[in-house]
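In: next input, structure requested:
(2 chains)
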Amino acid sequence: MLVEAVNLCKTYKIGWFRKRRIEVIKEVAISVAEGETVGLVGESGSGKTTLGLLLTGLLKPDGGQVFFKGKAISELTPREKKDFRRQVQVIFQHPEVAFNPKWRLRRSLAEPYKLHKIPFTEELLLEHLKTVGLSSEHLDRYPSQLSGGELQRAAIARVMVLEPKFLVLDEPTSMLDVITQAQIIRLLQAIQKEKGVAYLFITHDLELARLFCQRIYRLVEGKLEEMPTVRSASRDSATS
Amino acid sequence: MSSAALVIKNLTVEFPGHGNPIRAVDRVDLEIKKGERVVLVGETGSGKSVLLLSLLRLLPASARTTGEVLYKGKNLLRMSEDELCRIRGQELAYIPQGTGSALNPVLTVGIQVAEPLMVHLGFKKGPALEKAVSLLGQLGIPEARKRAFEYPHQYSGGMKQRALVAMGVVAEPEILLADEPTKGVDWEKREEILNLFQSLTGKTILTVTHDLWFAEKFAQKVAVMYAAQIVEVAPQVEFFRQPLHPYAQALLAALPSRGLQPLAGYAPEHSRYHEPGCRFRKRCSRAFHRCQEEPPLFEHNGRWVRCWLCAG
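Out: Numbers count the residues shown, from 1 in each chain, chains lettered A, B, ... in the order given. Now for the predicted structure:
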């Protein structure tokens, strides 16, 4: 397994003096194989994003372990951690928050090359942009001058520079229109076919998950239930 | 007496650009009958929200709006600000997009819902609040009497959306304009919002959305906007059974339930709207020589379609 989590628990402390405790994730076990797409559905506030962030190591669990390529991520050496950071990435629901509003797209897209010491040339950047359907004319624009679909494509291009092995897609199309949604999903499928990247696809839309994912889990009251992936099953069962 | 509640004629909205002005809404014609539920669909950036804001003259001062928006025989675009203020919120209400910034964070929700009653209908604070509480309760806010005295940050996203609908309908307006009421909300909340809108029986409603599920369930009439223009207007059943404009067909084909087939290419840049010809032709698989010329809206079996294929 590429990513595996066992007995994962996460509790948030909220309220005055952080005395109230909400157990969001309760002894969850989940695995994602190389090149696989696993769906994660559930209501708003059910803990889907929390689980995604736990798998990427951006949140620390209160219990349990996350393994990446068979090694617990809490026990990675600094060098291994750096590799892990490069190989595990997230695409968020609101692409605009992933970009510095004061930077032109060119600067934002060049950042991962710098941070991860990847040889940078303008040609290479344009090649990456082309794979997601953007062009040089987009490079000199600010995030506010791009549509939601263009920004989401730019976010995908930026992540793909790092050649990740595992990508958490946190509702990447929920703010987009249906045509842009279909374009982004087909783009992600094409990237997966070419690069073998594994996805955890977080969504509200069970019908979309059934088209895109090999396995689907539903998060209910902090616990995971595996769901059928048959397309003909009713959409209503996702939320009932 | 006319059965139209709102008549939009040749409406154009332009914003100043670096070179030519940017045309966000281009010569739109649309008639909405009394009690009719019209849903305007289209891609992000097609001009839907700008159209809605222009009807109530809520756009920034830099926007240049031309054409006519006729309400009770008067052109809203030429009305004095005082006259417009009297009917805005009372006869014509607007439910804004998103719940994040639409509510005032330092006023209780109850007061915000009661405000149109005090401003437009002369209610005193007590009776206005009483009516606001009753409406919030009707809209499914639990413990409405207590929750009316809470602030927006104490409400969930779905509750804020319902509070915004309450603000829109409290003064019993004749026409309700709603911008993306289901954007970014989950399936359960979407159904709640749909039920809420369906409960507003008898109201004339124009809703802008890119949520085709909502459009199918709620609309009586669907209008499709592409690159600032209306490209198809059709009754809901006929539209979802057989859309006529190639763009409308592509919209439905992109739905997960219909195969998730993406339309290739992207909508033209605003700066290219002035180029001659059909704005969809570069993405259209059925484009032919006539598409070099801009098509007008053709009447086709009681529907309106901006495509040479429907020229008769």
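
In: so A:E4: helix, strand or coil?
Out: strand (DSSP: H, G, I helix; E, B strand; the rest coil).

In: residue nearest the centroid of chain B?
Out: B:V208 (2.8 Å; C-alpha atoms, centre = their mean).

In: confirm A:H128 sits in a helix?
Out: Yes - the assignment for A:H128 is a helix, going by three-state DSSP.

In: report pLDDT for it.
Out: You'll see A:H128 listed with a pLDDT of 84.

In: now what about the helix or strand of chain A at the bottom of the mean pLDDT ranking, what contacts it?
Out: Ranked by mean pLDDT, DSSP states H and E, the weakest helix or strand in chain A is helix A:136-139, scoring a mean of 84. Outside helix A:136-139, the residues that touch it by C-beta atoms under 8 Å, 6 or more residues apart in numbering or on different chains are A:R104, A:L105, A:R106, A:L109, A:L125, A:L126, A:L129, A:L146, A:E150, A:A154. Glycine gets a C-beta too; all of them are placed from N, C-alpha and C.

In: quick one: the last one and A:R20, what's the gap?
Out: Between A:A154 and A:R20 the distance, using C-beta to C-beta, to the nearest Å, works out to 39 Å.

In: mind listing the strands for chain B?
Out: B:4-15, B:22-33, B:37-42, B:64-71, B:74-75, B:92-95, B:175-179, B:204-209, B:221-226, B:229-235, B:298-300, B:303-305 (DSSP state E).

In: quick one: those strands as a markdown table, columns for distance to B:L135 and mean pLDDT too.
Out: Below are those laid out as a markdown table (distance: least, C-beta to C-beta, whole Å; pLDDT from 0 to 100):
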| stretch | distance to B:L135 | mean pLDDT |
| --- | --- | --- |
| strand B:4-15 | 22 | 95 |
| strand B:22-33 | 24 | 94 |
| strand B:37-42 | 20 | 96 |
| strand B:64-71 | 24 | 96 |
| strand B:74-75 | 29 | 95 |
| strand B:92-95 | 13 | 92 |
| strand B:175-179 | 14 | 94 |
| strand B:204-209 | 17 | 95 |
| strand B:221-226 | 27 | 97 |
| strand B:229-235 | 31 | 97 |
| strand B:298-300 | 41 | 92 |
| strand B:303-305 | 37 | 96 |
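
In: any idea which of the ones you listed gets closest to chain A?
Out: Distance to chain A, taken as C-beta to the nearest C-beta, is lowest for strand B:37-42 among those, at 7.5 Å.

In: end to end, how far does stretch B:235-246 reach?
Out: 17 Å (C-alpha to C-alpha, to the nearest Å).

In: quick check, that stretch touching chain A?
Out: No - using C-beta under 8 Å from any C-beta of the partner chain, stretch B:235-246 stays clear of chain A, coming no nearer than 12.3 Å.

In: so which bits of that stretch are buried?
Out: By 16 or more other C-beta atoms under 10 Å in any protein chain shown, the buried positions in stretch B:235-246 come out as B:Q236, B:F239, B:F240, B:P243, B:L244, B:H245, B:P246.

In: and the pLDDT for the closest residue to B:I141 other than its chain neighbours?
Out: Spatial nearest neighbour of B:I141, chain neighbours left out: B:R147 (5.3 Å); criterion: C-beta to C-beta, 6 or more residues apart in numbering or on different chains. Note for B:R147: predicted pLDDT of 92.

In: and A:S232, by the same measure?
Out: For A:S232, the predicted pLDDT is 43.

In: hang on, the earlier thing: could you dump the contacts of helix A:136-139 into CSV and include distance to B:L121, neighbour count and secondary structure?
Out: Below are the contacts of helix A:136-139 laid out as CSV (distance: C-beta to C-beta, whole Å; neighbours: other C-beta atoms under 10 Å in any protein chain shown; DSSP: H, G, I helix; E, B strand; the rest coil):
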residue, distance to B:L121, neighbour count, secondary structure
A:R104, 50, 17, coil
A:L105, 50, 24, helix
A:R106, 54, 15, helix
A:L109, 54, 24, helix
A:L125, 59, 20, helix
A:L126, 60, 14, helix
A:L129, 55, 21, helix
A:L146, 44, 20, coil
A:E150, 45, 22, helix
A:A154, 49, 25, helix
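
In: what's the closest of those residues to chain B?
Out: A:E150 (8.1 Å).

In: that closest one contacts A:L134, correct?
Out: Yes - counting by C-beta atoms under 8 Å, A:E150 touches A:L134, with 6.5 Å between them.
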